[in-house]
Every structure is written in structure tokens, then in C-alpha cells.
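Asks: model this:
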Amino acid sequence: MPRIAIIGSCITRDLWPIQGEGVADLLYVSRTSLPSLFAEPVADLQIRARPPKSMTQYQHRAVVSDLTKRGLATLLAFRPTHIIFDFIDERFDLLRSGPTLVSESWELLESGYMRQPALKSANRIPRLSEACTDRWISAARELACFLAATPLGDARLILHEAQWAERYLDAEGVETGFSDVEVLAGRAASLSAHNDLLEDYQSVMLDLLPDMARVASPANRIGDVGHRWGLSPFHYVPAYYDDIRRQLAVAGVVI
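Replies: Got it, this is the predicted structure:
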């Protein structure tokens, strides 16, 4: 049976039916960034016994995995037959604290870990900055070496070339342009700038790993006001997910 690992975002995870906390033979590593995956664990971290009431157990586990850098070890232990990458979660700024980097996701801010000494004075590296891009490219190279040097090199690699939708279907089914897009509450984001960055990231990955399969559905890249997670440039209409499922089936991923 295929064992699928996702290193990415809810765009790819939403291809599978939501069944409680997880799906058999599916590993989902999210709310991280390639530079964070390969960074040092946060020192002297006091892990909460349970998440705040505003967070699910999964959201808390994703934050703890990013802080403790468990993602790669978990991936190795899972022994995936296929690994799907999508880079939509690569929209958050990075935080630098001593020798480590973490992803400044909503979940991290909500978790309370930013109040701990190891992260209290962390410095932000803006996602769209040259410094962040340099770190990302370096981590992508490290990823390619890591895959080649481990049993993960036998897995089928797939790049889900997702981007932010420029338009969405409103409640009446009328296409409307997105405006006032935010990455985090109160932080405006440039949709076009993030899409340009995603194109650059995808190009780097394909240069490093040219045998990757590719899936994309630009014609169906339209936001949906009725999406289960709410309106967002990366919460698409059902036709998008249907098309990506068909393409993944060709690569051996049956959902």
C-alpha cells in the first residue's frame, strides 16, 4: 500500500477526507519551512501538556514539531513511498533565536511558546527578504542531499505547484478579485509578490530534483467563499481538488 507523506500545507492535506486527527498511511508535516526543518532545536523548551483552548491537538503537535525539529526524523520513520511537497506554508516570516530558526505561524503565536526565554527575543526575518530567500535555497540544497543519502531517496517525489488564487467565487457564484490579503492578522501581504516567490521556490526545487512529478491546476485556482476553512487565496473551489486528485493518481497516489 502507498504511504504518503506531505511536506506542505492544508492545500494538499485537503485532498484527503477529514477523519478525526488523521488518515491511515498519511503523514502530514505542516507549519514549518525548509530552513526551519534543518535548523537546531529550540533550547530549553518547556512543552505544554495540552494546547490552549483555541488550538487543536494537531495544531499544537505541528508547532512542537517545528520547535523541536522532529519533522525529518518522523519522515524517516514513516518510510513513505511518495512525498508530496507544496510551499503554501512558506508564507510566514522566519524567527531567528541564537542558532535556530522557526516558522512564525499563527499556531506558534497562539501557543504561548513565544513567551519562553528561548524565543522571547527572537528576531524576525521577513519572508520576502533576500536573507530569507538565501536561507531557503540553502535548505533546499540540504534537502536534496538528505533525500539522496537516506532511504527517502527511494520515494516518489511530487511537487504540488500551488499558488495564491487571484479571484474567488462569492456566495452568488460570481468571480471577485481578492483584496486586503493577510498572512497573519494585521499584516498585509502582496498576493503577486508571494506568487512570484512560490514560482522561484518551485523552480529551485525542480532544478535540484528534476525527476520530481509535477501537479498543478491553474485553470481551477479560484478561491471559494464556501470552503470548509473559510475564504482564503489558498482555499480553492472543489474542481481544483478533483483535478489534482486525478493527476496524483497518475503518479500512484490514490485517495
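Asks: what about residue 34, neighbour count?
Replies: Neighbourhood size, residue 34 [other C-beta atoms under 10 Å]: 25. For the C-beta atoms, the positions are set from N, CA and C on the backbone; glycine is no exception.
Asks: actually residue 248, not the one I typed
Replies: Neighbours around residue 248, by other C-beta under 10 Å: 21.
Asks: next one, pLDDT for the residue nearest to it when sequence neighbours are not counted please.
Replies: Distances taken as C-beta to C-beta, 6 or more residues apart in numbering place residue 215 nearest to residue 248, at 5.9 Å, with adjacent residues excluded. At residue 215, the pLDDT value in this model is 98.
Asks: pLDDT of stretch 105-117, averaged?
Replies: Stretch 105-117 comes out at a mean pLDDT of 95.
Asks: same question, stretch 175-187
Replies: Rounded mean pLDDT across stretch 175-187 is 92.
Asks: now do it: distance to the chain's middle.
Replies: In terms of C-alpha atoms, centre = their mean, to the nearest Å, the centre of stretch 175-187 is found 19 Å from the chain centre.
Asks: can you list the residues that contact it?
Replies: With C-beta atoms under 8 Å, 6 or more residues apart in numbering as the test, stretch 175-187 has contacts from 91-93, 104, 106, 109, 127, 164-170, 188-191, 222-223, 233.
Asks: filter those to the buried ones?
Replies: Neighbour-count burial (16 or more other C-beta atoms under 10 Å) applied to these gives 91-93, 104, 106, 127, 164-166, 168-169, 189, 191, 222-223, 233.
Asks: which of the residues you listed fall within strands?
Replies: In strands, judged by DSSP state E, the following of these are found: 168-169, 223.
Asks: of those, closest to residue 76?
Replies: residue 223 (35.6 Å; C-beta to C-beta).
Asks: nearest spatial neighbour of that closest one, skipping sequence neighbours?
Replies: Nearest one to residue 223, counting by C-beta to C-beta, 6+ apart, is residue 168 at 3.0 Å.
Asks: isn't the one you found up against residue 224?
Replies: Yes. Judged on C-beta atoms under 8 Å, residue 168 makes contact with residue 224 at a distance of 6.4 Å.
Asks: which neighbours do those two share?
Replies: Joint contacts of residue 168 and residue 224 (C-beta under 8 Å, 6+ apart) are residue 231.
Asks: where's the dip in pLDDT among the ones in strands among the buried ones among the contacts of stretch 175-187?
Replies: Among these, pLDDT bottoms out at residue 169, giving 94.
Asks: ranges for the helices of the stretch 151-255 of the chain?
Replies: Listed in chain order, the helices of the stretch 151-255 of the chain (DSSP state H, counting those that start in this stretch) span 191-208, 238-250.
Asks: figure out which of the ones you listed is closest to residue 78.
Replies: By C-beta to C-beta (comparing all of the helices of the stretch 151-255 of the chain), the closest turns out to be helix 238-250, at 18.0 Å.
Asks: may I see the buried residues of the closest one?
Replies: 240-241, 243-245, 247-248.
Asks: quick one: pLDDT of the residue in the chain sticking out farthest from the centre?
Replies: Within the chain, residue 172 marks the point farthest from the mean C-alpha position, 30.5 Å out by C-alpha atoms, centre = their mean. Residue 172 is assigned a predicted lDDT (pLDDT) of 91.
Asks: how close does it get to residue 225?
Replies: 9 Å (C-beta to C-beta, to the nearest Å).
Asks: likewise residue 148?
Replies: In terms of C-beta to C-beta, residue 148 sits 43 Å off from residue 225.
Asks: the two: who's more crowded?
Replies: residue 225 (16 against 10).
Asks: and for the closest residue to that one other than its chain neighbours, the neighbour number?
Replies: In this structure, residue 225 finds its nearest non-sequential neighbour in residue 231, 4.9 Å apart by C-beta to C-beta, 6+ apart. Residues near residue 231, counting by other C-beta under 10 Å, number 14.
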